[in-house]
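Asks: Here is my input, please return the structure:
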Amino acid sequence: MNFTRVSLGRRLCALMVDWLMCYAIITASVGGLGSMSSLDGFAVLALFFFEVFALVSMTGASAGQRIVGISVIRFNDGGAPRIGQVFIRTLLLCLVVTAVTFDENGRGLHERLSGTVLTKRGKINA
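Replies: Purely as a prediction, here's the structure:
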């Protein structure tokens, strides 16, 4: 399978958009920054997990990934990721350490273990 690699900058930008969107929703729902408790961080993480899992499962890209023009595909054949792959990928992504370790294909540990890869939208060469 031949695919266009996604730069670390593009990955981080998509991740930041998703995280900040979830952070803003939780912050607004608890009454602002001054009202945030230490447990609200878990709410942000839970919303982040749900947002990424749901959108990647249904559309192949989270909101942040869609904004920066990347999507998640299966590494072996370029098809849409299966729900189990999306679950593993998202769960491992939430464990930040796995998201910053890359192999020779530019894939993070969460991608290797879930059998997926990020690619630029519309740039899959079979």
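Asks: Please make it C-alpha for all contacts and neighbour counts, starting now.
Replies: Fine.
Asks: the strands in this structure, which residues?
Replies: Secondary structure of the chain, counting by DSSP state E: strands at 2-3, 70-74, 116-120, 124-125.
Asks: Test my guess that residue 91 contacts residue 49.
Replies: Yes - here residue 91 reaches residue 49: they are 7.1 Å apart, a contact under CA atoms under 8 Å.
Asks: Pick out the residue nearest the middle of the chain.
Replies: residue 52 (5.6 Å; CA atoms, centre = their mean).
Asks: So which elements touch the longest helix belonging to the chain?
Replies: Ranked by residue count, the top helix of the chain under DSSP state H comes out as helix 8-30. When contacts are defined as 3 or more CA pairs under 8 Å, 6 or more residues apart in numbering; DSSP states H and E, helix 8-30 packs onto helix 40-59, helix 63-68.
Asks: With distance to residue 2 and mean pLDDT as added columns, please give those helices in TSV.
Replies: Below are the helices and strands packed on helix 8-30 laid out as TSV (distance: least, CA to CA, whole Å; pLDDT from 0 to 100):
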stretch	distance to residue 2	mean pLDDT
helix 40-59	21	92
helix 63-68	20	97
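Asks: Nearest to residue 24, out of those helices?
Replies: Closest approach to residue 24 among the helices and strands packed on helix 8-30 (CA to CA): helix 40-59, 8.8 Å.
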